[in-house]
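J.: could you look at this predicted model? Sequence included:
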Amino acid sequence: MSEQFEVRARINTLFQSLEAMPHIKFSAPGTRIKEPQTQGVYAIRAGDGTVLHVGRTVSGENGLAQRLQNHLSGKSSFVRAYLKGDTKHLRDTFTFQCIEVENDRERALLEFFAIAWHCPLHVGLGRNEGNDE
């Protein structure tokens, strides 16, 4: 079995695990996310279960908890572009799922796999108009 096949199988297993994770409501105003402070991948879902955003932690001391808190603080392209800064809507109607993934490469591949699988409408909206960076 090739190494590439083994990695593909591992990413598929991680994806199935992410999909099976509970849907967690975002914390109420004035409270902080209590999710893992380790690195990982997360999906944000609409009330009907549709995946709207998939992300990962790249670094950071507080991992998933910090990244999800950034969304609640409006410090993400997802909130700025897709939700037009409406963090209340995020708190009131959306849920998230997350999975700890220690390995940097597996984390990146899982994020890409989940984005390709779910095709969230948010993908591609992070650029400012007229800015090709």
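T.: Structure received.
J.: just the strands in this protein please.
T.: For the chain, the strands defined by DSSP state E cover 24-25, 40-45, 51-56, 95-100.
J.: mind putting those into TSV with mean pLDDT?
T.: Putting the strands of the chain into TSV (pLDDT from 0 to 100) gives the following:
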stretch	mean pLDDT
strand 24-25	94
strand 40-45	97
strand 51-56	96
strand 95-100	96
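J.: could I get these as JSON lines with distance to residue 7?
T.: C-beta: built from backbone N, CA, C; applies to glycine. Formatted as JSON lines, those follow (distance: least, Cβ to Cβ, whole Å):
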{"stretch": "strand 24-25", "distance to residue 7": "28"}
{"stretch": "strand 40-45", "distance to residue 7": "15"}
{"stretch": "strand 51-56", "distance to residue 7": "16"}
{"stretch": "strand 95-100", "distance to residue 7": "17"}
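J.: in JSON lines: those strands, plus distance to residue 68 and mean neighbour count.
T.: Listed next are the strands of the chain as JSON lines, based on distance: least, Cβ to Cβ, whole Å; neighbours: other Cβ atoms under 10 Å:
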{"stretch": "strand 24-25", "distance to residue 68": "9", "mean neighbour count": "14"}
{"stretch": "strand 40-45", "distance to residue 68": "6", "mean neighbour count": "24"}
{"stretch": "strand 51-56", "distance to residue 68": "9", "mean neighbour count": "23"}
{"stretch": "strand 95-100", "distance to residue 68": "6", "mean neighbour count": "20"}
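J.: tell me which of the ones you listed sits nearest to residue 118.
T.: strand 51-56 (3.9 Å; Cβ to Cβ).
J.: got a list of contacts for that closest one?
T.: Contact with strand 51-56 is made by 39-46, 67, 76, 78, 82, 94, 101, 107-108, 110-111, 114-115, 118, 120-122, as judged by Cβ atoms under 8 Å, 6 or more residues apart in numbering.
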